[in-house]
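# here's my sequence, what's the structure:
(2 chains)
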Amino acid sequence: MTVSTIKSRPIYPGLSPDLNARRNIIVCDKAGAAAVTELFSRADSAFAERTTIILADSLSATETQTLSRDLAPAAVEIQPTLADGIARLRQLLETAPMGLRLYAAGSEPLIGLVVQAGLDFSIDHLSIRTEHRGSLMRRVQCVHCKGYIENVTTNPVKCTHCGLTLLVRDHYSRRLAAFQGVCIDAEVPGEIPPTEALYQ
Amino acid sequence: MSGSLLRRVRVAEVERVANRIKRFRFVDVDNAPLSEFSGGSHISVVMHAGDRLLRNPYSLMGAPSDTSSYQISVLNVEDSRGGSKFMHEKVSVGTELEIGQPLNLFPPAKLAKKHVLIAGGIGITPFMSMMNELDGLHSDFELHYGVRSLEDGAYCKYLQSRYGSRVNIYRQDQGQLIPLERILGDQRLGTHVYVCGPKPMIEWSLQTAKLLGWPDENVHSEQFSAPPPGKQFLVKLARSGREVIVRGHQSILEALEENGVDAPFLCRGGACGQCETQVVACDGFIEHNDHFLTEPERVSGKKIMICMSRIQTGSITLDL
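Numbering: from 1, shown residues only, chains lettered A, B, ... in the order given. Reported below is the predicted structural model:
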């Protein structure tokens, strides 16, 4: 992750255990699961026993087996997609008390959607412990048509809703869980710089 | 330097509200409206107590939207530096005083689902305006208020009649303690806790919240402590070349003000960071009494909060 001059661009300090929390919820994807294993190695087994992991990714049978083993003794719930994982998180937060600590590890869209869900339950974004792992892909909102473009790996990118070519900015909205995409050829239509695969 | 903007007020009412606690109501000397403030705000009151110039912070207690007057409550502290004694003995209806603009270093978190307020003794004061504001917003809150006895605790009856079951009073003379673990152990997600009271009570509350897994972001506290006294020492001002003596019961900031030096400040309690000053040289040991500087900053000896901290003996040169 490169350092940005844009203040809203989130930074992810890395996972560290809150040993006082009475319950932990961790949302991660396949790549983020490695960060969770490392987190567990820095805490006692009671910490993992207090933890529910929502692993939101499409996994093969072998992967499911390996990851469930690696992440034990935490309770691991596998959700086939990120959207399913976030829906499950919201369900768990609905009845959660204070003393819960929320973690997110994996791609930026995953972390962003966890922080956004936390916001709806008045969890301060600074109290969510985050670690970026894996792909640099971004969730982008087209500032013109307001549509969301998921899993963006290039800059510029074509808006899948209104067709404008967008410059992907570091300007980020926590509320929307998205980077802002701004029309790149507004002054001279058609004058578009070459597409770079910046967010692989 | 927003903290130094002063306005003149007249005392319109003084009422003894509990043992050693008086309530004061201020109005503008020309009966002009005062500024609106937000729940949890405080003002500083300028006091010429004997040969000393003091500016003590006091929480505003009335309704934040009421611009006709401000109300504060003052506990007469036994071993005080003279501020509370001055308010209790020298100030009566008709006395004119200077006050600073309202400042808020203890606002309720606007996005919280619920607010738990923990008060000890005179620490009830910031919650008076805070509850007024939260009640108006129909926010969910509860107060847990520890008092020595009903004669020592201010506003017990008023609070119970106004806020009913949301107010819980614990009387030390009856052996009642605030059941903090039970209170903080059973709150919904998105709750914020606020603590104001004596230092040991604040530390106990912060520690209890931490051990129950509350994130720091949900835990708030405010304490106005007077700058601890010490020995007399010398302050040299690098920019103006002036030298000012800080007496044993003065803070550096108070000594500077007494000598007409306009130094930055806001909270006067070592909390806000506004008075952070660079140390150019120092031949004594700095006693850091603030809760703003980080441990590495203290160890470096390059910074000092002049509202609260002093040196044991000798002289200190400041970038002022």
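# which residue ranges make up each domain of chain B?
B:2-100, B:114-222, B:233-318 (automatic domain parsing).
# dump these to CSV, plus mean neighbour count.
Where you see a C-beta, it was placed from the backbone N, CA and C, and this is true even at glycine. Formatted as CSV, the domains of chain B follow (neighbours: other Cβ atoms under 10 Å in any protein chain shown):
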stretch, mean neighbour count
domain B:2-100, 18
domain B:114-222, 19
domain B:233-318, 18
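# as TSV, those with mean pLDDT would be great.
Below are these laid out as TSV (pLDDT from 0 to 100):
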stretch	mean pLDDT
domain B:2-100	92
domain B:114-222	97
domain B:233-318	92
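# right, and those domains - which one's nearest residue A:30?
In terms of Cβ to Cβ, the element of the domains of chain B nearest to residue A:30 is domain B:114-222, at 27.6 Å.
# list phi and psi for the closest residue to residue B:151 other than its chain neighbours.
The shortest distance from residue B:151 to any residue other than its chain neighbours is 5.2 Å, reached at residue B:19 (Cβ to Cβ, 6 or more residues apart in numbering or on different chains). The phi/psi pair for residue B:19 (degrees, to the nearest 10) reads phi -50, psi 120.
# surely residue B:19 and residue B:150 touch.
No - at 9.9 Å, residue B:19 and residue B:150 do not qualify as touching, with contact defined as Cβ atoms under 8 Å.
# what's the closest of the domains of chain B to residue A:116?
domain B:114-222 (14.5 Å).
# distance between the ends of that closest one?
End-to-end distance of domain B:114-222 (Cα to Cα, to the nearest Å): 19 Å.
# next one: it to chain centre, how far?
How far domain B:114-222 lies from its chain's middle: 16 Å, per Cα atoms, centre = their mean, to the nearest Å.
# from chain B, which residue is nearest to chain A?
residue B:190 (2.9 Å; Cβ to the nearest Cβ).
# count of residues packed around the residue nearest to that residue when sequence neighbours are not counted?
Of all residues not flanking residue B:190 in the chain, residue A:122 sits nearest, at 2.9 Å (Cβ to Cβ, 6+ apart). Here the number of neighbours of residue A:122 (other Cβ atoms under 10 Å in any protein chain shown) works out to 18.
# how about residue A:122, what does it touch?
Each residue near residue A:122 by Cβ atoms under 8 Å, 6 or more residues apart in numbering or on different chains is listed here: B:109, B:111-113, B:189-190.
# quick one, strands of chain A?
For chain A, strands defined by DSSP state E occupy the ranges A:23-28, A:51-56, A:75-79, A:100-106, A:129-132, A:138-142, A:148-152, A:157-158, A:165-173, A:178-183.
# of those strands, which approaches residue B:166 most closely?
Closest of the strands of chain A to residue B:166 is strand A:100-106, at 24.5 Å (criterion: Cβ to Cβ).
# quick one, phi/psi of whichever residue of chain A sits closest to chain B?
Nearest residue of chain A to chain B: residue A:122, at 2.9 Å (Cβ to the nearest Cβ). With angles defined as degrees, to the nearest 10, residue A:122 sits at phi 60, psi 30.
# also residue B:233?
Dihedral angles (degrees, to the nearest 10) for residue B:233: phi -150, psi 170.
# equivalent analysis for residue B:53, please.
With angles defined as degrees, to the nearest 10, residue B:53 sits at phi -110, psi 120.
# how about the one 4 residues further on?
Per-residue torsions, residue B:57: phi -80, psi 140 (degrees, to the nearest 10).
# got a list of what it touches?
Counting by Cβ under 8 Å, 6+ apart, residue B:57 touches B:42-45, B:224, B:267-269.
# which among those residues are in contact with chain A?
Counting by Cβ under 8 Å from any Cβ of the partner chain, nothing from the contacts of residue B:57 sits close to chain A.
# among those residues, which ones are in strands?
Short answer: those in strands (DSSP E) are B:42-45.
# partner strands of whichever strand or helix holds residue B:145 and their direction?
Using DSSP states H and E, residue B:145 falls within strand B:141-147. Counting by DSSP bridges, the strands paired with strand B:141-147 are strand B:114-120 (parallel), strand B:167-171 (parallel).
# what residues are up against the closest residue in space to residue B:219 that isn't next to it in sequence?
Nearest residue to residue B:219 in three dimensions, chain neighbours excluded: residue B:209, at 4.7 Å (Cβ to Cβ, 6+ apart). Taking Cβ under 8 Å, 6+ apart as the contact definition, residue B:209 lies against B:184, B:193, B:218-219.
# residues contacting residue A:116?
Counted by Cβ under 8 Å, 6+ apart, residue A:116 has contacts A:174-177.
# try 10 Å this time
Shown in contact with residue A:116 (Cβ atoms under 10 Å, 6 or more residues apart in numbering or on different chains): A:86, A:125, A:139, A:173-178.
# listing partners with orientation, what would you give for the strand ranked longest in chain B?
As assigned by DSSP E, the longest strand anywhere in chain B is strand B:6-18. Using DSSP bridges, strand B:6-18 pairs in its sheet with strand B:21-28 (antiparallel), strand B:96-100 (antiparallel).
# tell me which of the ones you listed sits nearest to residue B:78.
Across the strands paired with strand B:6-18, the minimum distance to residue B:78, taken as Cβ to Cβ, is reached by strand B:21-28, at 13.1 Å.
# now that closest one, how far from the centre of its chain.
That offset, for strand B:21-28, works out to 16 Å (Cα atoms, centre = their mean).
# pull out the CA atoms of that strand and give them to me as PDB.
Written as PDB, here are the backbone C-alpha positions of strand B:21-28 (Å, rounded to 0.1, in the frame of the first residue of the first chain):
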ATOM      1  CA  ILE B  21     -21.400  23.500  47.400                       C
ATOM      2  CA  LYS B  22     -22.900  26.700  46.100                       C
ATOM      3  CA  ARG B  23     -24.600  27.400  42.800                       C
ATOM      4  CA  PHE B  24     -23.900  30.700  41.000                       C
ATOM      5  CA  ARG B  25     -26.000  32.300  38.200                       C
ATOM      6  CA  PHE B  26     -24.300  34.800  36.000                       C
ATOM      7  CA  VAL B  27     -25.900  37.300  33.600                       C
ATOM      8  CA  ASP B  28     -24.200  39.700  31.200                       C
END
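# of the contacts of residue B:57, which is the nearest to residue A:152?
Checking those against residue A:152 with Cβ to Cβ, the nearest one is residue B:267 at 45.2 Å.
# hang on, the earlier thing: buried only: go through the contacts of residue A:116 for me.
Buried members of the contacts of residue A:116, counted by 16 or more other Cβ atoms under 10 Å in any protein chain shown: A:86, A:139, A:177-178.
# can you list those residues in a markdown table and add distance to residue B:159?
Conversion of these to a markdown table gives the following (distance: Cβ to Cβ, whole Å):
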| residue | distance to residue B:159 |
| --- | --- |
| A:86 | 42 |
| A:139 | 48 |
| A:177 | 42 |
| A:178 | 45 |
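# got those as TSV, with pLDDT columns?
Output for these, formatted as TSV (pLDDT from 0 to 100):
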residue	pLDDT
A:86	98
A:139	98
A:177	98
A:178	98
